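Colleague: need coordinates for the below:
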Amino acid sequence: MKKKLLALLVGICMVCTTIGCGSSTGTAGGVESAAAGGTDAAADAGQADIQADKSSSGKKKTVTFYMWAADAEQEFDKAIVAQYEKEHPDIDIEENYIPYAEYLSKINTMAAAGSMPDIFNLPEGNVFEWGEKGALLDLKPLYDAAGVKPSDVSVDSAIFATDENVWSVGYNITTICMYYNKELLEQNGIELPSTDASKPWSWEEFVENAKKITKDANGNGPEDAGFDPDNIMVYGTMMPTDWTKYIALLHTNDAGILNEDGSALSISSDAGIEVIQSIADLGNVIHCAPSSAMAKGAFSDASAMLMNGQVAMVIDGGWALANYTNEGFDVGVAPIPAFKHPADISWTAGLCMSPNAADNKEAFDFYQYFTNFMNSIQAALGQGVSLGGLPHTLEVFDSGENEKKWVSTYTKVDATQMCEAFKNILQADTTVLGDNVRVKNFPVIVDNTIVPALDNVWLGEVSAKEALEALDLSDSIDGYWK
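Modeller: Numbering: from 1, shown residues only. Purely as a prediction, here's the structure:
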């Protein structure tokens, strides 16, 4: 990916920690509010947690590590920690896994008490603000002392940096792609799309192919006489109404959430309105996608629908890959369809260090280890656990042995085509850092305002033009993080 992408850089959620999904991200204002309003008891409790952690490891060097990971993701994180401790028997990683709903409150309390863990997760929407407030350790001096440039190690959109600071190098990056059921496309005489990120289908091609595949109970398609839109058996696609997906599509039409200089909305421009209305038309006008109501009900599991042949193509995030590979399903992966030109977004959750850990050499050593995806591959192969996300480490993309190791971690299916597509998307010059990381006040602008405004558009009750032109966010727009 071009080094010219602001060195600001990313992915959760928003995070939906497989990194994905369109859930809200918190704001770093909590650092100030916690410092102002956190109780002494809460502060003491946070300090006690850390002291208990540090006293439990005997003579070993201790690194405190806080994450929100759960279930399979937590299992994977623990596998990397166990692998590191085996290789470094003099270091004890004190792991703490906090439910995501409680996580920011816990970290805020610890920040107020001055007892931050050495290393901790942070939603991508919080990283730059927390860094600017002085709540994070600037990693640039540590990388400089180690003779390492993060941009030589990781793809740009995994690095949260300004010209002066490095606040985080994330891990398990994600992006948006088009998953497809190969059998359904082939049955309808549709040539499988390219994995080349510079050669996506046009939006028009995508819609035409979705119409070809859509069939009602009598085998009629949307353009056939007698087509029954209330009795569809196979849909060509689903409406990509989650903001993670339509933001990526906006970029293919020279739009985004904000305009280029961050002074006004871009989604409400003619280009933005075209994208949003085109998405709504898939279900409400063309009938090649389930309605918004159906997508929240019987068709809520898009991956299952695609695997069982009820839906042929789904625009979704890299986090969904495990849904297919864990079931041994040979899913197709391609770049998203483009309105004007190829484009996409990528991001990751932040992994940060406390200012209190500036002199903890073991903590930074583990930090570098955890954020190197080659170690993730080693853990997946050695301990038989699924990878937590897509590679962000450039070393993986060597077109040789490292790349083969990545592909081989997917043991139930030949993932060569899938990995090739994701590699191309992540390294494309046209893949940029997600708006969810760059836009200041993103939760206020998107989660609290744009998302509710578009609900009636997805239902077909108002047009995209009516909904978007009615928005007034002049008091909330504050540009991009620099």
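Colleague: quick one: L184 and L306, what's the gap?
Modeller: For L184, the distance to L306 (C-beta to C-beta, to the nearest Å) stands at 9 Å. For glycine as for every other residue, the C-beta is placed from the backbone atoms N, C-alpha and C.
Colleague: ok, S278 next?
Modeller: From S278 to L306 the distance is 21 Å (C-beta to C-beta).
Colleague: so between those two, which is more surrounded?
Modeller: Between S278 and L306, counted using other C-beta atoms under 10 Å, the more crowded position is L306 (27 against 21).
Colleague: from M313, how far off is that one?
Modeller: 8 Å.
Colleague: any common contacting residues for the two?
Modeller: Residues touching both L306 and M313 (C-beta atoms under 8 Å, 6 or more residues apart in numbering): Y179, Y180, N181.
Colleague: which other helices and strands contact the one helix or strand D316 maps to?
Modeller: Assigning secondary structure by DSSP states H and E places D316 in strand 311-317. With contacts taken as 3 or more C-beta pairs under 8 Å, 6 or more residues apart in numbering; DSSP states H and E, strand 311-317 sits against strand 174-180, helix 182-187, helix 203-213, strand 232-237, helix 243-251, helix 302-307.
Colleague: TSV for the ones you listed, including distance to L282?
Modeller: What follows is these, written out as TSV (distance: least, C-beta to C-beta, whole Å):
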stretch	distance to L282
strand 174-180	13
helix 182-187	16
helix 203-213	7
strand 232-237	6
helix 243-251	12
helix 302-307	13
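Colleague: possible to save the ones you listed as TSV with distance to S463 and mean pLDDT?
Modeller: Formatted as TSV, the helices and strands packed on strand 311-317 follow (distance: least, C-beta to C-beta, whole Å; pLDDT from 0 to 100):
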stretch	distance to S463	mean pLDDT
strand 174-180	25	97
helix 182-187	31	98
helix 203-213	18	98
strand 232-237	21	97
helix 243-251	16	98
helix 302-307	25	96
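Colleague: out of those, flag the one nearest A380.
Modeller: Nearest to A380 among those is strand 174-180; the distance by C-beta to C-beta comes to 16.8 Å.
Colleague: pLDDT weak spots in the stretch 351-482 of the chain?
Modeller: Low-confidence segments of the stretch 351-482 of the chain (pLDDT under 70): 482.
Colleague: so which bits of stretch 202-220 are buried?
Modeller: Buried residues in stretch 202-220, counting neighbours by 16 or more other C-beta atoms under 10 Å, are found at W203, F206, V207, N209, A210, K211, K212, I213, T214, K215, D216, N220.
Colleague: equivalent analysis for stretch 96-111, please.
Modeller: Quick answer for stretch 96-111 (16+ other C-beta under 10 Å): Y97, I98, Y100, Y103, L104, K106, I107, N108, T109, M110, A111.
Colleague: send me the host helix or strand of the fourth one as PDB with only the CA atoms.
Modeller: So the one you mean is Y103. For Y103, the host element (DSSP H and E) is helix 100-113. The C-alpha trace of helix 100-113 is given here as PDB (Å, rounded to 0.1, in the frame of the first residue of the first chain):
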ATOM      1  CA  TYR A 100     -15.800  -5.500  25.400                       C
ATOM      2  CA  ALA A 101     -18.800  -3.800  26.900                       C
ATOM      3  CA  GLU A 102     -16.800  -3.100  30.100                       C
ATOM      4  CA  TYR A 103     -13.400  -2.600  28.600                       C
ATOM      5  CA  LEU A 104     -13.200   1.100  28.100                       C
ATOM      6  CA  SER A 105     -14.600   1.800  31.500                       C
ATOM      7  CA  LYS A 106     -12.000  -0.400  33.000                       C
ATOM      8  CA  ILE A 107      -9.100   1.200  31.100                       C
ATOM      9  CA  ASN A 108     -10.500   4.700  31.900                       C
ATOM     10  CA  THR A 109     -10.500   3.900  35.600                       C
ATOM     11  CA  MET A 110      -6.900   2.600  35.400                       C
ATOM     12  CA  ALA A 111      -5.900   5.800  33.500                       C
ATOM     13  CA  ALA A 112      -7.400   8.000  36.200                       C
ATOM     14  CA  ALA A 113      -5.500   6.000  38.800                       C
END
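Colleague: and after it, which helix or strand comes next?
Modeller: Following helix 100-113 in sequence, per DSSP H and E, is strand 119-122.
Colleague: who's in contact with that following strand?
Modeller: 63-69, 103, 107, 130, 136, 168, 349-354, 357, 363, 366-367, 370.
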